[in-house]
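# Fold the following.
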Amino acid sequence: MIEKESFLQWFSTEIPETLFPQIAAQVIFRCENCGECCRGEGYALVDEADLQEIAKAQGISPSQARARFTNPDPGKNAGCRILKSIGPDRSCCLLDVQAKRCMIYRHRPRICRTFPMLNADTECEEIICFYSDCLGTAKFVKMLQEKRCDPQVQKDIEDLTRHAERLEALRILLFVWLRRMMGKIEEAEQICRITGISPPLESAFQRDCLAYFLMTIKTDGLDEYQYEG
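Residues are numbered from 1 along each chain as shown. I've put the predicted structure just below:
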């Protein structure tokens, strides 16, 4: 009981509220393999854990992966390097340009796993960034526009609003989902053990994530979104 109380205290004070709608959005987002996030002027930061995964996917050592696929980070973030860009489109070196797919998708860096709904820029004023050149984002916006007035979704929102314990459990499950996606499986399982919360069926979790996102994020601006891909 003390372990649970200690975790809940940490959880309520250390995890920002703005993180939960981002995770919920990432849960229900579906990548359309348009490849836009894998090319252009931006770059992907990778750390030693990411290099371990890249090396595993390629069947080489981490030092070989570091030399073959990364460059020094121009931002000089501690312990980080950036994935190399190649060609006139500055495509990620791990992108299969023909197939428009990541060559190491199951082992892709963590920054790629959280794109595009989890905002890595802590100073950005927008909780969620809706990228105009991302096909997955365009379909995500269309889905939200269609679902925000759906009677079942409205009922799910009402249920979450009325039941504080259910809402708190959902926030914990969102955090668990994020830890799993980031490869922190043991940590995620420990949280479930401490709290006694078990992941629900995938369909129920998806519904709750949609309801939670719509109850926490203003959607009026969605009508101004235009896909430019």
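# which residues touch Leu8?
Thr195 (CB atoms under 8 Å, 6 or more residues apart in numbering). No exception for glycine: its C-beta is placed from N, CA and C like everyone else's.
# Spell out which residues make up each domain of the chain.
When the chain is parsed with automatic domain parsing, its domains come out as 1-29+116-229, 33-114.
# so can I have CSV of those showing mean pLDDT?
Below are the domains of the chain laid out as CSV (pLDDT from 0 to 100):
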stretch, mean pLDDT
domain 1-29+116-229, 92
domain 33-114, 92
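# Just give me how far whatever helix or strand Ser12 lives in sits from the chain centre.
Using DSSP states H and E, Ser12 sits within helix 2-14. How far helix 2-14 lies from its chain's middle: 23 Å, per CA atoms, centre = their mean, to the nearest Å.
# Can you name the next helix or strand after it?
Toward the C-terminus, helix 2-14 is succeeded by helix 19-28 as the next helix or strand (DSSP H and E).
# Show residues contacting that next one.
Helix 19-28 is contacted by residues 114, 117-119, 127-128, 140, 143, 171, 174-175, 177-178, 181, 205-206, 209-210, 212-213, 216-217 when judged by CB under 8 Å, 6+ apart.
# give me that answer again for 6 Å
With CB atoms under 6 Å, 6 or more residues apart in numbering as the contact definition, helix 19-28 has outside contacts at 117-118, 128, 171, 174, 178, 206, 209-210, 212-213, 216-217.
# Pretty sure Asp47 sits against Ala78.
No. The pair Asp47 / Ala78 is not scored as a contact, 9.0 Å apart, by CB atoms under 6 Å.
# Comparing those two, which residue is more hemmed in?
Asp47 (16 against 6; other CB atoms under 10 Å).
# In ChimeraX, select just the buried ones from the contacts of helix 19-28.
To isolate the buried subset of the contacts of helix 19-28 in ChimeraX, counting by 16 or more other CB atoms under 10 Å, use the following:
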select :117,118,128,171,174,178,209,210,212,213,216,217
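# Let's have the contacts of helix 19-28 in JSON lines, adding secondary structure and distance to Ile86.
As requested, those are exported to JSON lines (DSSP: H, G, I helix; E, B strand; the rest coil; distance: CB to CB, whole Å):
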{"residue": "Met117", "secondary structure": "coil", "distance to Ile86": "27"}
{"residue": "Leu118", "secondary structure": "coil", "distance to Ile86": "26"}
{"residue": "Ile128", "secondary structure": "coil", "distance to Ile86": "30"}
{"residue": "Arg171", "secondary structure": "helix", "distance to Ile86": "41"}
{"residue": "Leu174", "secondary structure": "helix", "distance to Ile86": "36"}
{"residue": "Leu178", "secondary structure": "helix", "distance to Ile86": "31"}
{"residue": "Gln206", "secondary structure": "helix", "distance to Ile86": "36"}
{"residue": "Cys209", "secondary structure": "helix", "distance to Ile86": "36"}
{"residue": "Leu210", "secondary structure": "helix", "distance to Ile86": "38"}
{"residue": "Tyr212", "secondary structure": "helix", "distance to Ile86": "39"}
{"residue": "Phe213", "secondary structure": "helix", "distance to Ile86": "36"}
{"residue": "Thr216", "secondary structure": "helix", "distance to Ile86": "39"}
{"residue": "Ile217", "secondary structure": "coil", "distance to Ile86": "36"}
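# For Gln9, state which of the contacts of helix 19-28 is nearest.
Among those, Arg171 lies closest to Gln9 (CB to CB), at 14.1 Å.
# how near is the closest residue to the closest one other than its chain neighbours to Ile128?
In space, and not counting its chain neighbours, Arg171 is closest to Phe20: 5.3 Å by CB to CB, 6 or more residues apart in numbering. Applying CB to CB, to the nearest Å, the value for Phe20 to Ile128 is 12 Å.
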